[in-house]
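# here are the coordinates; sequence isn't available:
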């Protein structure tokens, strides 16, 4: 019995000790004198380093092969007369409300294991009890990397940017009909960097094409997605809004992306697969969807610009109909302190214009959004206060025109 307990203790503690501070092969082959010197190293240098950084609390082994980062994020919001973007005419007729709510509550865990280039990440939405992201990345070579799991497909910049790192308080009306959102699959990506303007990023992936949380496809067809990005000034803009870095040298990009998919869905969101207005969920593989987008972004001396044009065609293979959608948004923000030093440095002002045409073959069905936002950064995107005022206009060939205003105030904090 005693021998059995000793064996059990060894089986439990040896792997644990190996994970905390595994000796490398070269150290095992050192001379007895070097080994003795190694034994004299203080215990804290061979244990786990604990700290706090840009991604929350960090736990890292002394050899750097294991890193665990834990972060929580909360988004508190007030809105009047409603919070969400209007989608139909009837939503303009709702009773006005004062809304106070916890808009997002996230738990983020990431880092690397075994080697610094073997990374992992998962994100959980606490308020809705949804597992949003789970992925493993092999990133040893900058020009050829591999990712597997579930995440927001690298398609449009507005959606890929985290809701906690946006310049505007929320995404535009263009996001809902055109986003690919989160999918499960595998992707190759990397950066091909040479001197000057010869600087490119690429992403190419294959996915189930049925949205977040879908464990299987609805038919034999897969989603194929690709994005090419030209960093024409030789510097990567990155997926983050606002020029918090105050770029002394401009960074800009021009990107093109395309997706093809066949499934029972015509749109995707954090909730998974769904339908645009006028479409109904029916048979597996009913909708063949082709879409592409063009994107620009620039950051320079406190100014941040981004823009996307979207085109999408939906083929209903059951009813033999085709619908084409287009949309575009453009936004720009600026830290006014750069032009007028009397204005506080943490204040940023941003404006956005977006339009969405749900069917190019119909007249008088245009939807538009005009938005003005202000951000006050206490600690970058990790602690900021935002406010926005948005004006919506909707046209409908049968019901005429509708318009409305919305005001929102939000505190976003990560710890």
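Structure received. None of the values given here were measured: they were computed from a predicted structure. Numbering: from 1, shown residues only.

# Tell me where the stretch 251-400 of the chain has strands.
If DSSP state E, counting those that start in this stretch is used as the criterion, the strands of the stretch 251-400 of the chain fall at 251-263, 267-269, 272-274, 287-300, 303-316, 321-335, 347-357, 367-377, 383-396, 400-414.

# which one of these lies closest to residue 96?
Smallest distance to residue 96 across the strands of the stretch 251-400 of the chain (CB to CB): 9.8 Å, for strand 400-414. (Each C-beta comes from the backbone N, C-alpha and C, glycine too.)

# Mind giving me the packing neighbours of that closest one?
Using 3 or more CB pairs under 8 Å, 6 or more residues apart in numbering; DSSP states H and E, the elements in contact with strand 400-414 are strand 67-80, strand 383-396.

# ok, now which ones touch the residue most central in space within the chain?
Against the mean C-alpha coordinate of the chain, by CA atoms, centre = their mean, the closest residue is residue 160 at 3.4 Å. Contacts for residue 160 (CB atoms under 8 Å, 6 or more residues apart in numbering) come out as 152, 154, 239.

# at 10 Å instead, please
Contacts for residue 160 (CB atoms under 10 Å, 6 or more residues apart in numbering) come out as 151, 152, 153, 154, 179, 180, 181, 203, 227, 239, 240.

# that older thread, residue 198 is nearest to which of the strands of the stretch 251-400 of the chain?
Among the strands of the stretch 251-400 of the chain, if distance is taken as CB to CB, the winner is strand 251-263, at 13.7 Å.

# Which strands or helices does that closest one pack on?
In terms of contacts (3 or more CB pairs under 10 Å, 6 or more residues apart in numbering; DSSP states H and E), strand 251-263 is packed against helix 157-160, strand 199-207, strand 223-230, strand 287-300, strand 303-316.

# in its sheet, what does that strand sit against?
In the sheet, strand 251-263 lines up against strand 223-230 (antiparallel), strand 287-300 (antiparallel) (DSSP bridges).

# could I get these as CSV with mean pLDDT, distance to residue 54 and mean neighbour count?
As requested, those are arranged in CSV below (pLDDT from 0 to 100; distance: least, CB to CB, whole Å; neighbours: other CB atoms under 10 Å):
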stretch, mean pLDDT, distance to residue 54, mean neighbour count
strand 223-230, 98, 23, 20
strand 287-300, 98, 18, 20
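
# quick revisit: nearest to residue 129, out of the strands of the stretch 251-400 of the chain?
Distances from residue 129 to each of the strands of the stretch 251-400 of the chain were compared using CB to CB; the shortest belongs to strand 272-274, at 13.8 Å.

# Give me the neighbour count for residue 101.
A total of 12 residues lie near residue 101 under the criterion other CB atoms under 10 Å.

# contacting residues around it?
Residues touching residue 101, when contacts are defined by CB under 10 Å, 6+ apart, comprise 75, 76, 77, 78, 79, 83, 127.

# Check the residues you listed for burial and list the buried ones.
Buried positions within the contacts of residue 101, assessed by neighbour count (16 or more other CB atoms under 10 Å), are 75, 76, 77, 78, 79.

# picking up where we left off before, rebuild the helices and strands packed on strand 400-414 as CSV, extending it with mean pLDDT and distance to residue 105.
What follows is those, written out as CSV (pLDDT from 0 to 100; distance: least, CB to CB, whole Å):
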stretch, mean pLDDT, distance to residue 105
strand 67-80, 97, 5
strand 383-396, 96, 16
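
# What subset of the contacts of residue 160 is buried?
Under a neighbour-count criterion of 16+ other CB under 10 Å, the subset of those counted as buried comprises 151, 152, 153, 154, 179, 180, 181, 203, 227, 240.

# want to throw these into a markdown table with secondary structure?
Below are the buried ones among the contacts of residue 160 laid out as a markdown table (DSSP: H, G, I helix; E, B strand; the rest coil):
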| residue | secondary structure |
| --- | --- |
| 151 | strand |
| 152 | strand |
| 153 | coil |
| 154 | coil |
| 179 | coil |
| 180 | coil |
| 181 | coil |
| 203 | strand |
| 227 | strand |
| 240 | coil |
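
# Closest one to residue 93 out of the residues you listed, please.
When the buried ones among the contacts of residue 160 are ranked by distance to residue 93 (CB to CB), residue 179 comes first, at 26.6 Å.

# Surely residue 162 is in a strand?
No: the assignment for residue 162 by three-state DSSP gives coil, which leaves it out of any strand.

# which one of the helices and strands packed on strand 400-414 lies closest to residue 219?
Checking these against residue 219 by CB to CB gives strand 383-396 as the closest, at 33.8 Å.

# quick one, strands of the stretch 51-200 of the chain?
Defined through DSSP E, counting those that start in this stretch, the strands belonging to the stretch 51-200 of the chain, from first to last, are 56-61, 67-80, 99-112, 118-125, 130-141, 144-152, 182-193, 199-207.

# quick one: which of those strands is nearest residue 246?
Comparing the strands of the stretch 51-200 of the chain against residue 246 with CB to CB, the closest turns out to be strand 199-207 (21.2 Å).

# elements contacting that closest one?
On the basis of 3+ CB pairs under 10 Å, 6+ apart, strand 199-207 makes packing contacts with strand 144-152, strand 182-193, strand 223-230, strand 251-263.

# hmm, try it at 7 Å
Counting contacts by 3 or more CB pairs under 7 Å, 6 or more residues apart in numbering; DSSP states H and E, the secondary-structure elements packed against strand 199-207 are strand 182-193, strand 223-230.

# Now tabulate these in TSV and tack on distance to residue 254.
What follows is the helices and strands packed on strand 199-207, written out as TSV (distance: least, CB to CB, whole Å):
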stretch	distance to residue 254
strand 182-193	15
strand 223-230	5
